[in-house]
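Asks: Only the shape, not the letters, is given here:
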């Protein structure tokens, strides 16, 4: 098989979605990108017979995947802030704790919540 090198530029959001999906499928991002190109070409080739609906759906799914990555980051940040608020409220109790211990407690609470959600980094 003879291969040809192409340089592809992706927006950051699509690149993140590609890497995340590749990790979920236990593939390299490069292998998944090749699969996406093959699938995309097949969809475009069949577009004339079936209309432009599959191509539009593929584009929309790509945009949704990119937004899901963004929502996951925002949700993780909200969880972290909630854990920080919990630890600071607990620290406001009669005995005071130093900043280093507060940070350690925040990170520990955050890791516990991620573990409970089944999403440990």
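Replies: Okay, I see it. Quick caveat: nothing in here was measured; it's all calculated off a predicted structure.
Asks: Which neighbouring elements make contact with the helix or strand of the chain with the lowest mean pLDDT?
Replies: Least confident helix or strand of the chain, by mean pLDDT, DSSP states H and E, is helix 29-50 with a mean of 79. Judged by 3 or more Cβ pairs under 8 Å, 6 or more residues apart in numbering; DSSP states H and E, helix 29-50 is in contact with helix 12-24, helix 53-91. Glycine gets a C-beta too; all of them are placed from N, C-alpha and C.
Asks: Serialize those helices to TSV and add fields for mean neighbour count, distance to residue 113 and mean pLDDT.
Replies: Output for those, formatted as TSV (neighbours: other Cβ atoms under 10 Å; distance: least, Cβ to Cβ, whole Å; pLDDT from 0 to 100):
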stretch	mean neighbour count	distance to residue 113	mean pLDDT
helix 12-24	15	20	89
helix 53-91	13	6	84
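Asks: Can you add distance to residue 100 and give the ones you listed back as a markdown table?
Replies: Putting these into a markdown table (distance: least, Cβ to Cβ, whole Å) gives the following:
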| stretch | distance to residue 100 |
| --- | --- |
| helix 12-24 | 32 |
| helix 53-91 | 12 |
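Asks: Quick one: residues contacting residue 106.
Replies: 80, 83-84, 87 (Cβ atoms under 8 Å, 6 or more residues apart in numbering).
Asks: which residues does the residue sitting nearest the centre point of the chain contact?
Replies: Centroid-nearest residue in the chain, with Cα atoms, centre = their mean: residue 69, separated by 3.3 Å. With contact set as Cβ under 8 Å, 6+ apart, residue 69 has these partners: 13, 16-17, 20.
Asks: Which of those lies at the shortest distance from residue 58?
Replies: residue 17 (13.0 Å; Cβ to Cβ).
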